[in-house]
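1. I'll drop the sequence and a predicted model, then ask my questions.
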Amino acid sequence: MELVAADLISRARAGDGDAFRELTEPHRRELQVHCYRMLGSVQDAEDVLQDTLLAAWQGFAGFEGRASLRTWLYRIATNRCLNARRSASRRPAKQWDIPHVHPPEPTRLGEVVWLEPYPDTLMEVAITAPAGPEARYEQAESISLAFVTALQVLPPRQVAVLILRDVLGFRASEVAGMLDSTVESVNSALKRARASLQDRRPAAAGSEPPPAPGSPAEDAIVARFVSAYESADLGALVALLTGDVFVSMPPMPLEYQGQDVVARFCASLFGGGRRFDLVPTRANGQPAFGAYLRSPDGVSHGTGLIVLTLTGGRICAMTRFENSVLPWFGLPRSLPAR
């Protein structure tokens with residue numbers, strides 16, 4: 001195996017593009033997930049990944065093998081992500097634009113409005129990537145919407161250090177090398193990042209874990225949710241929610257927290273006889289649904305993607321994304337009349 005890798009590296013250094021692709025392809029998916037965690041955007045992550053691979057190809061003659069190829073690629077990707085976060089202007093929030101629906105006053109306006117969901121189909125290879133001994137987060141938690149959202153409000157360098165150390169498990173000395181920094185600086189940034197993350201996610205420690213993906217327990221919650229939502233049964237829907245359930249709708253900054261106000265929000269969606277069809281998928285390791293509004297002619301038009309966050313046997317959060325994300329999940333823009 002080592003002889004094969006050495007031969008590929010030698011050929012890639014000499015300008016063999018096929019050898020370079022064979023070397024880097026096994027790392028492609030995990031690098032894309034890494035860029036997504038740092039940027040909170042599937043599109044931005046793909047752009048930075050392409051930039052990373054181009055930079056690696058152009059600079060491959062300088063790869064000396066002192067670190068592994070995987071570490072070298074993470075170094076390039078992380079620094080490209082840092083550049084992207086520093087140069088990117090915050091995406092503007094959107095106004096409420098759903099006609100004939102008048103939601104209640106939001107509980108608060110959110111800080112993170114540019115988040116995008118990540119299709120589970122893109123993660124199937126990435127989550128099998130090895131995590132080092134320093135890793136503190138389980139793979140499922142490290143791609144969850146709550147975790148990725150919390151990362152977006154940390155300073156860019158703290159985000160990089162936290163992901164490289166606590167998610168991917170690189171040693172402090174390796175991270176220092178990637179960031180052209182010192183071990184002391186890395187440890188200091190990690191300490192601040194952990195504290196900030198804990199402040200923003202204090203409730204997570206005491207909550208029940210979600211049921212395992214695809215388990216009978218998860219299937220039961222999902223089935224009850226679909227039944228309640230499609231039939232606009234507000235009582236049945238509310239019965240599934242925790243008392244502090246949280247609803248957000250990036251890129252709209254409106255956020256709702258608490259069973260009563262979320263019930264009023266859902267009632268506004270179902271008002272005027274509006275009815276929906278839900279098509280199941282998965283995002284960020286969580287149950288998700290394409291939501292389709294039924295029209296008088298029988299065709300259902302895609303209005304967005306709903307992602308559920310579960311705790312124990314209940315729903316503790318619902319995140320609604322715009323219909324522009326539906327194609328990423330292989331979902332159509334509309335459903336034919338039934």
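-> Thanks, I have the structure now.

2. for the helix or strand that contains Arg192, what is the distance to the chain centroid?
-> Take DSSP states H and E as the rule and Arg192 turns out to sit in helix 183-200. The chain centre lies 21 Å from the centre of helix 183-200; the measure is CA atoms, centre = their mean, to the nearest Å.

3. got it, and stretch 86-96?
-> That offset, for stretch 86-96, works out to 17 Å (CA atoms, centre = their mean).

4. give me the mean pLDDT for that stretch.
-> Stretch 86-96 carries an average pLDDT of 76.

5. check what contacts it and list those residues.
-> Residues outside stretch 86-96 that contact it (CB atoms under 8 Å, 6 or more residues apart in numbering) are Asp44, Pro103, Leu109, Val113, Trp114, Pro156, Pro251, Met252, Pro253, Leu254. All C-beta spots, glycine's among them, are computed from the backbone N, C-alpha and C.

6. coming back round to it: packing partners of whichever helix or strand comes after the helix holding Arg192?
-> Past helix 183-200, further along toward the C-terminus, the next helix or strand under DSSP H and E is helix 216-230. Judged by 3 or more CB pairs under 8 Å, 6 or more residues apart in numbering; DSSP states H and E, the packing partners of helix 216-230 are helix 234-239, strand 276-283, strand 286-294, strand 300-311, strand 314-322.

7. tell me which of the ones you listed is the most buried.
-> Ranked by mean neighbour count under mean count of other CB atoms under 10 Å, those are led by strand 286-294, which reaches a mean of 23.

8. now the angle from that one to helix 216-230?
-> Using axes from the mean of the first three to the mean of the last three CA atoms, to 10 degrees, the direction of strand 286-294 lies 20 degrees away from that of helix 216-230.

9. so what pLDDT did Met252 get?
-> With respect to pLDDT, Met252 has a value of 91.

10. for the nearest residue to it once chain neighbours are set aside, helix, strand, or coil?
-> Nearest non-adjacent residue to Met252, counting by CB to CB, 6 or more residues apart in numbering: Lys94, 5.1 Å away. Three-state call for Lys94 (DSSP: H, G, I helix; E, B strand; the rest coil): coil.

11. rewinding a little: now the helices and strands packed on helix 216-230 as JSON lines including mean pLDDT and distance to Trp57?
-> Listed next are these as JSON lines, based on pLDDT from 0 to 100; distance: least, CB to CB, whole Å:
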{"stretch": "helix 234-239", "mean pLDDT": "97", "distance to Trp57": "51"}
{"stretch": "strand 276-283", "mean pLDDT": "98", "distance to Trp57": "31"}
{"stretch": "strand 286-294", "mean pLDDT": "97", "distance to Trp57": "35"}
{"stretch": "strand 300-311", "mean pLDDT": "97", "distance to Trp57": "34"}
{"stretch": "strand 314-322", "mean pLDDT": "96", "distance to Trp57": "33"}
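
12. mind checking the ones you listed for the one nearest to Thr78?
-> Judged by CB to CB, the one of the helices and strands packed on helix 216-230 that comes nearest to Thr78 is strand 276-283, at 24.0 Å.

13. please state the offset of that closest one from the chain centre?
-> Distance, centroid of strand 276-283 to centroid of chain: 17 Å (CA atoms, centre = their mean).

14. likewise stretch 95-111?
-> 23 Å.

15. do the same with stretch 15-30
-> Going by CA atoms, centre = their mean, where stretch 15-30 is centred and where its chain is centred differ by 25 Å.

16. now do the buried residues in it.
-> For stretch 15-30, the neighbour count (16 or more other CB atoms under 10 Å) marks Ala19, Phe20, Leu23, Thr24, His27, Arg28, Arg29, Glu30 as buried.

17. touching, the first one and Arg11? I think so.
-> It stands for Ala19. Yes. Counting by CB atoms under 8 Å, Ala19 touches Arg11, with 3.8 Å between them.

18. hey, which helix or strand in this structure has the poorest pLDDT?
-> helix 2-13 (a mean of 79; mean pLDDT, DSSP states H and E).
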